[in-house]
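A.B. asks: here are the coordinates; sequence isn't available:
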């Protein structure tokens, strides 16, 4: 996964720590939403990777996927514990994100091992881009946590290696996987836009903390940046996006 | 899970460490078989628990199952690393046990959350009984490892609590789950007997190291002890076995 440079608006300053920032109820609500979405995303990633492990062509690949699934679960646990620590109910915080994520997964059920790998790679990368975009708007404590659980679980390189090998062995599979990558990005954007439209506090955080308004142009730009990064990643994988 | 008393024949002495014992090629082959079976069993337990997590009625239960799945995976990793450490190919060592275990799982696919819990509980307990029976015949290093990975992952108590609650809430479910428990035990014995019949070195270890012969009576007695323990556990769960 590529490393990102400075954020879009060059913001690097601190807005303060959690104790200070969370005095604003709108900010607190937004962060609980964010941690809830992230926590459910990790639990869901655990489930999908464990599911993909069943499709693995061999025991070593199966174990590699299981290991990544457990790394995601450790991330889930940290987010869960943080939600509990700041006095939130982790289940409540996750609940609004269950349906959009499950819908995404139902619409994009991989039909084989390679589709599963591309999905996990692309999904992981989109999520990482998204949370890095958001991280710059967060208090120091929450930012450290978010960037910590975004740390590489080794999945990206594993997926890239396996997919490249598969395309070399059978160049025709590239066309099918390129189509698959486009479908994944389309469904991800569609669910993300739904979440943004439904969760006011989270949306306000995304557009720079302007609690009074919800700037669709700014959110659109963010989604464009994420789509561009996706295009570059698909190319690195040897796939046209 | 109940704690076991002394082993059937009161054996408590050491037969030596791995370095000494593994000089016997028959012993070495038997232990590689055993670690391979145990490693694949743990990887398979990871997969089943992750699968059961999908059936969980709520997010807290889902996370509890995922946590147990990861504990099983840690056990897998220790066994895998030990196989590599003693110069064996972990994949090769696991391979003979893939088919019997997958067949067992295909014959006993749980149809709901409760059946999944009973299966995980019963399966775990039978495996623990079996490996404790075997542990007394092992060198000190292998015994420590086997008993270590048999340590409680918290699954047993979780399953007992949930199943008891379910039977209290709906006493009729007890009959269905009792039938289910009998079917699980039957399939487990059938697959275990198949493995014992096919793996000579492992069988010799099971019947007390008499490398020249394969004592069916002794193996039968061991299976009887495991069945009796199963009966007691099912009763503790409120189920007739």
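C.D. replies: Looks like it came in fine. Please read all numbers here as calculations on a predicted model, not as lab measurements.

A.B. asks: quick one: low-confidence ranges for chain A?
C.D. replies: Of all residues in chain A, those with pLDDT under 70 make up the ranges A:1-12, A:152-153, A:207-216, A:241.

A.B. asks: near chain B, which residues of chain A?
C.D. replies: Counting by C-beta under 8 Å from any C-beta of the partner chain, the residues of chain A close to chain B are A:40, A:43, A:46-47, A:50-51, A:53-54, A:58-60, A:62-63, A:66-67, A:69-70, A:73-74, A:76-77, A:80, A:90-91, A:94-95, A:98. For every residue, glycine as well, the C-beta is placed using N, CA and C.

A.B. asks: So which of the residues you listed are in strands?
C.D. replies: Of the residues of chain A next to chain B, none are assigned to strands by DSSP state E.

A.B. asks: Tell me who's in contact with the residue nearest the centre of chain A.
C.D. replies: Geometric centre of chain A, nearest residue: residue A:127, 1.7 Å, by C-alpha atoms, centre = their mean. Shown in contact with residue A:127 (C-beta atoms under 8 Å, 6 or more residues apart in numbering or on different chains): A:41, A:150.

A.B. asks: Emit the PyMOL select command for whichever of the residues of chain A next to chain B are buried.
C.D. replies: Of the residues of chain A next to chain B, the buried ones can be selected in PyMOL as follows, counting by 16 or more other C-beta atoms under 10 Å in any protein chain shown:
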select buried, chain A and resi 40+43+46+47+50+51+53+59+62+63+66+67+69+70+73+76+77+80+90+91+94+98
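
A.B. asks: got a list of what the closest residue to chain B within chain A touches?
C.D. replies: As assessed by C-beta to the nearest C-beta, chain B sits closest to residue A:50 within chain A, at 3.3 Å. Contact partners of residue A:50, counting by C-beta under 8 Å, 6+ apart, are A:65-66, A:69, B:46-47, B:50-51, B:53, B:69.

A.B. asks: ok, back up a step: so the residue nearest to the centre of chain A is in which element?
C.D. replies: Secondary structure from DSSP states H and E places residue A:127 in helix A:113-135.

A.B. asks: so after that helix, what's the next helix or strand?
C.D. replies: Counting by DSSP H and E, the element after helix A:113-135 in chain order, helix or strand, is helix A:140-149.

A.B. asks: tell me the angle of that next one relative to helix A:113-135?
C.D. replies: In terms of direction (axes from the mean of the first three to the mean of the last three C-alpha atoms, to 10 degrees), helix A:140-149 departs from helix A:113-135 by 160 degrees.

A.B. asks: these two touch, right, residue A:137 and residue A:202?
C.D. replies: No: applying C-beta atoms under 8 Å as the test, residue A:137 and residue A:202 come out as separate, 10.9 Å apart.

A.B. asks: what about the residue of chain A closest to chain B, distance to residue A:234?
C.D. replies: Separation of residue A:50 from residue A:234 (C-beta to C-beta, to the nearest Å) stands at 25 Å.

A.B. asks: same deal with residue A:227?
C.D. replies: Noted for residue A:227: a distance of 11 Å to residue A:234, by C-beta to C-beta.

A.B. asks: Same drill for these two, tell me which one is more crowded.
C.D. replies: Using other C-beta atoms under 10 Å in any protein chain shown, the more surrounded residue of residue A:227 and residue A:234 is residue A:234, with 22 against 16.

A.B. asks: Which of the three states applies to the more buried one?
C.D. replies: Following DSSP: H, G, I helix; E, B strand; the rest coil, we place residue A:234 in the helix state.

A.B. asks: With residue A:163 as the reference, measure out to it.
C.D. replies: Look at residue A:234 and residue A:163: by C-beta to C-beta, they are 10 Å apart.

A.B. asks: Also residue A:129?
C.D. replies: According to C-beta to C-beta, residue A:129 and residue A:163 sit 19 Å apart.

A.B. asks: same thing with residue A:117?
C.D. replies: Going from residue A:117 to residue A:163 by C-beta to C-beta gives 6 Å.
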